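In: Below is the sequence, then the predicted model.
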Amino acid sequence: YDVADMLRRTSKPVLLVVNKVDHVGLEEDIYEFYNLGLGDPIPISAANMLGLGDLLQAITDLLPDNLEYEEEHEVCHIAVVGKPNVGKSSIVNALLGMERSMVSNIPGTTRDAIDTPIKLENGQEFVLIDTAGIRRKSAIEDESLERYSVLRAIAAIERCDVALLVVDAEQGVTDQDAKIAGLVLDAGKGIIVVINKWDLIEKETGTLEKYEKQVIADLKFMKYAPVMFVSAITGKRLNTLFDKVSYVWENCKKRITTGVLNDIIVDAQMAMQAPSMSGRRLKIYYATQQSISPPTIIIFVNEEKLMHFSYQRFLENHIRKSVDFTGTPLRIIIRERKKED
């Protein structure tokens, strides 16, 4: 009922679809769904492909008759993610120069993902996604509004191009920050670690360098992530964020030619011999880049089990030394291929 109330308040067309109506006898059970006040329920069975024609017809009936399609150009979507109360909305508002999201000292004020397009003076365009703070599961009551906000925040990571992981400078990188970074890594998105509230830190010679080393140590699985030190309150270094985002986004879309990539792999093997197991040595036949965002490389070998994870990590590091992939994960897929293939 809470979800139905939320949908009604959007003032947008809503279709009530009742799934798992797997046979005719179950259609009598759909009448209880009228209590939601969302109109006539549409019974379907996704598993048995029943009722999908009626659903498609209902969807098309709601679409305007004359749709004009504009040619879309590529725009970088930026998700601003992090724990509650680290200053995500303050950063977004400072970048936009307006209070688009609610700003409060109370953790969890931003209840939903809010998309805001922005165009810079140099013509660059971005879409900022300000998300609800991601809390530990134990801190979220089941079926609460905040629970849905967290799900939306995770969905925002899935649809962004580059994520800004906002960390409170006074707290440093916490376990929860590391978990959020892991979500961005799993989604294969570009990332920038943004240390906010830097104005509150007492500084001396080498403070920034020492702090950055600690951040990299705390996020050791993400050493490729650039670290920026900003203050949403004073605006310090915020003007450089978009340049860094563009830089990371270009790296996410970067391609290496097969020839160059294989030269790098050969050079890596000369620097460190491939591992062996039970008298069998790993042989790398060739490598090729399969896709971008994130850059994904397939390495064909004689036996997949001979590729030790440490050697795979060495190959990734060697590729990163040769090609700038700052800010983007690099996925390496090992495929077994017989020599005669």
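Out: In hand now; what should we look at? Here the structure is a predicted model, which means the values were calculated and not measured.

In: so where is the stretch 51-200 of the chain shaky, pLDDT-wise?
Out: 66-73, 98-114, 130-153 (pLDDT under 70).

In: Could I get the full set of helices for it?
Out: 52-62, 88-96, 145-159, 175-187 (DSSP state H, counting those that start in this stretch).

In: most packed of those helices?
Out: When those are scored by mean count of other Cβ atoms under 10 Å, the highest mean neighbour count falls to helix 88-96 (a mean of 23). Heads up, the C-betas are built off the backbone N, CA and C, glycines and all.

In: helices and strands around it, which ones?
Out: Packing contacts for helix 88-96, counted by 3 or more Cβ pairs under 8 Å, 6 or more residues apart in numbering; DSSP states H and E, involve strand 76-81, strand 114-119, strand 125-130, strand 162-168, strand 190-196.

In: If we use 10 Å, what do you get?
Out: strand 76-81, strand 114-119, strand 125-130, strand 162-168, strand 190-196, helix 241-252 (3 or more Cβ pairs under 10 Å, 6 or more residues apart in numbering; DSSP states H and E).

In: for the last one, packing partners?
Out: It refers to helix 241-252. Under the contact rule (3+ Cβ pairs under 10 Å, 6+ apart), helix 241-252 is packed against strand 76-81, helix 88-96, strand 125-130, strand 162-168, strand 190-196.

In: Now do that helix, average pLDDT.
Out: In this model, helix 241-252 has a mean pLDDT of 96.

In: Domains in the chain, by residue range?
Out: Here the domain assignment for the chain is 2-62, 76-252, 258-336, based on automatic domain parsing.

In: Highest mean neighbour count out of those domains?
Out: Highest mean neighbour count among these (mean count of other Cβ under 10 Å): domain 76-252, with a mean of 18.

In: how far does it stretch from start to finish?
Out: Terminal residues of domain 76-252 lie 11 Å apart, using Cα to Cα, to the nearest Å.

In: before we move on, what about stretch 161-173?
Out: Terminal residues of stretch 161-173 are spaced 23 Å apart (Cα to Cα).

In: Mind putting the helices and strands packed on helix 241-252 into TSV with distance to Tyr1?
Out: TSV is the format used below for the helices and strands packed on helix 241-252 (distance: least, Cβ to Cβ, whole Å):
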stretch	distance to Tyr1
strand 76-81	30
helix 88-96	29
strand 125-130	28
strand 162-168	33
strand 190-196	38
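
In: Tell me which of these sits nearest to Lys244.
Out: Closest to Lys244 of the helices and strands packed on helix 241-252 is strand 190-196 (Cβ to Cβ; 5.7 Å).

In: what helices or strands is that closest one leaning on?
Out: Using 3+ Cβ pairs under 10 Å, 6+ apart: strand 190-196 touches strand 76-81, helix 88-96, strand 162-168, helix 175-187, helix 207-218, strand 227-229, helix 241-252.

In: mind putting the ones you listed in a markdown table, distance to Ile44 included?
Out: Listed next are those as a markdown table, based on distance: least, Cβ to Cβ, whole Å:
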| stretch | distance to Ile44 |
| --- | --- |
| strand 76-81 | 31 |
| helix 88-96 | 38 |
| strand 162-168 | 35 |
| helix 175-187 | 30 |
| helix 207-218 | 47 |
| strand 227-229 | 48 |
| helix 241-252 | 38 |
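
In: do you know which of those lies nearest Asp5?
Out: helix 88-96 (24.5 Å).

In: Which parts of the stretch 201-341 of the chain are helices?
Out: Using DSSP H, counting those that start in this stretch, helices in the stretch 201-341 of the chain cover 207-218, 241-252, 258-271, 309-322.

In: Turn these into JSON lines, including distance to Glu336.
Out: Listed next are the helices of the stretch 201-341 of the chain as JSON lines, based on distance: least, Cβ to Cβ, whole Å:
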{"stretch": "helix 207-218", "distance to Glu336": "34"}
{"stretch": "helix 241-252", "distance to Glu336": "28"}
{"stretch": "helix 258-271", "distance to Glu336": "16"}
{"stretch": "helix 309-322", "distance to Glu336": "14"}
